[in-house]
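**Student:** sequence unknown, structure follows:
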């Protein structure tokens with residue numbers, strides 16, 4: 001019996017075109033930092049830092065991995081940049097919301113699951129700080145307090161599609177794999193949960209197909225199909 005449900009955010013609970021979101025994000029970020037950083041170099045360094053987090057082997061938090069690479073690129077000035085980025089996420093990240101959609105069915109299902117007693121985890125790839133994770137949840141009409149655990153770059157030492165990412169979540173919340181369901185839209189990153197024995201449901205509204213995986217190997221559909229799958233299984 002499923003007791004714990006892990007939800008991806010981008011393209012799952014929060015509808016979006018991934019490429020449009022990335023353009024909006026880097027547009028807002030480079031505009032905010034343009035007085036101190038070359039836009040081209042900043043984008044290059046942030047992508048390199050993201051890649052370093054994705055390759056994290058668990059020896060440090062993703063936050064530590066990102067800022068280590070950032071310091072290697074910008075030296076002592078990285079500390080002042082860190083303070084500026086806090087301001088960016090607090091006051092300017094909201095501009096990126098325009099690149100995202102909204103599906104009330106997501107918030108309705110989360111509320112129903114919470115009322116039914118399921119333990120809920122926001123398993124969004126932890127390449128953003130917690131403030132960005134929570135803001136995007138709110139854009140989707142979600143209350144972060146309804147989730148028992150939220151992954152972010154501060155509290156995670158792995159990223160999707162590493163099996164270590166899912167194992168870390170299970171360890172931290174004290175859950176058994178066979179009692180968990182991962183819900184997402186990425187056939188590689190979210191389906192990687194099955195590497196540690198977690199069942200997977202793929203949302204198809206913003207499906208990301210990779211590596212020629214066969215969708216028929218997974219239960220899939222929209223939120224109505226997901227609701228039926230959870231409450232009837």
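**Tutor:** The structure has been received and is ready for your questions. Computed from a predicted structure; not experimentally measured.

**Student:** Average pLDDT for stretch 178-186, rounded please.
**Tutor:** When pLDDT is averaged along stretch 178-186, the result is 98.

**Student:** Show residues contacting that stretch.
**Tutor:** Stretch 178-186 is contacted from outside by 1-8, 11-12, 123, 160, 166, 170, 190-191, 193-194, 197-208, 210, 226, 230, using CB atoms under 8 Å, 6 or more residues apart in numbering. For glycine as for every other residue, the C-beta is placed from the backbone atoms N, C-alpha and C.

**Student:** Restricted to helices, list the residues you listed.
**Tutor:** In helices, defined here by DSSP state H, the members of the contacts of stretch 178-186 are 166, 170, 226, 230.

**Student:** residues near the last one, how many?
**Tutor:** Taking other CB atoms under 10 Å as the neighbour definition, residue 230 ends up with a count of 19.

**Student:** What of the first one?
**Tutor:** Neighbours of residue 166 under the rule other CB under 10 Å: 25.

**Student:** Residue 195 versus that one, what's the distance?
**Tutor:** When distance is defined by CB to CB, to the nearest Å, residue 166 is 7 Å away from residue 195.

**Student:** now the third one
**Tutor:** Between residue 226 and residue 195 the computed distance is 21 Å (CB to CB).

**Student:** Neighbour count for those two, which is higher?
**Tutor:** Regarding residue 226 and residue 195, a neighbour count based on other CB under 10 Å identifies residue 226 as having more, with 25 against 15.

**Student:** was I right about that one contacting residue 200?
**Tutor:** No. Between residue 226 and residue 200 there is no contact, the gap being 11.5 Å when judged by CB atoms under 8 Å.

**Student:** follow-up on the earlier one: for ChimeraX, what selects the buried ones among the contacts of stretch 178-186?
**Tutor:** Command for ChimeraX that selects the buried part of the contacts of stretch 178-186, burial taken from 16 or more other CB atoms under 10 Å:
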select :2,4,5,6,7,8,11,12,123,160,166,170,190,191,193,194,198,199,200,201,202,203,206,208,226,230
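
**Student:** okay, among the ones in helices among the contacts of stretch 178-186, which ones form the most distant pair?
**Tutor:** For the ones in helices among the contacts of stretch 178-186, the farthest-apart pair by CB to CB is 170 and 226; their separation is 20.8 Å.

**Student:** Now do the buried residues in the worst-scoring helix or strand of the chain on mean pLDDT.
**Tutor:** Among the helices and strands of the chain, helix 78-87 carries the lowest confidence by mean pLDDT, DSSP states H and E, at a mean of 92. For helix 78-87, a neighbour-count test (16+ other CB under 10 Å) marks 78, 81, 85 as buried.

**Student:** Please list the outside residues in contact with the helix or strand harbouring residue 23.
**Tutor:** Secondary structure assignment for residue 23, by DSSP states H and E: helix 18-33. Here helix 18-33 makes contact (CB under 8 Å, 6+ apart) with 10-11, 37, 39, 42-43, 46, 81, 84, 88, 92-93, 95-96, 98-100, 206, 208.
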